[in-house]
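Participant: sequence? don't have it. structure:
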């Protein structure tokens, strides 16, 4: 299981996702360009004391990421076809989240093996990206019997 962030815009959201992923032993892929300058110091401020323990792999762009991705790409999207409660996860899934402001472009959407939507009340657009990542990661871990490693 991995979390991938496509061109994230907000450092604090990346820090929160890194913290969640680190607590559960899940690596994170960052797909550039990002909307903020990357530095371990900035991430340490956002992820607090967890930044050094985070397993982060940076990719210069979508093509570099897609060429190295192992397992299915599971896109979390407001345009999803499968409600979270009906999605079937696998241990080697990569949970992909789009940019906070733009989501993902159509070619990334089309490349996803599975598209998952978190059901919400009508009239509400989306949840915070960190909340979405945590919800879907938790469900994926539950389904797969994911074991937290040191």
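Facilitator: Arrived safely. Everything numeric here is computed off the predicted structure, so don't read it as measured data. Residues are numbered from 1 along each chain as shown.
Participant: Quick check: next helix or strand after the helix or strand of the chain at the bottom of the mean pLDDT ranking?
Facilitator: None of the helices or strands of the chain scores lower by mean pLDDT, DSSP states H and E than helix 40-47, at a mean of 61. Downstream of helix 40-47, the next assigned helix or strand under DSSP states H and E is strand 56-59.
Participant: mind listing what that next one pairs with, with the direction of each?
Facilitator: Strand pairing for strand 56-59, determined by DSSP bridges: strand 28-31 (parallel).
Participant: Not counting the partner strand itself, show me its contacts.
Facilitator: Strand 28-31 has contacts (Cβ atoms under 8 Å, 6 or more residues apart in numbering) with 2-8, 14, 17-18, 21, 38, 54-59, 61-62, 64-65, 94. Glycine gets a C-beta too; all of them are placed from N, C-alpha and C.
Participant: for stretch 68-83, same thing?
Facilitator: Contacts for stretch 68-83 (Cβ under 8 Å, 6+ apart): 2, 4, 59, 66, 87, 89-90, 92-98, 103-104, 108-109, 111-119, 125-126, 132-133, 136, 140.
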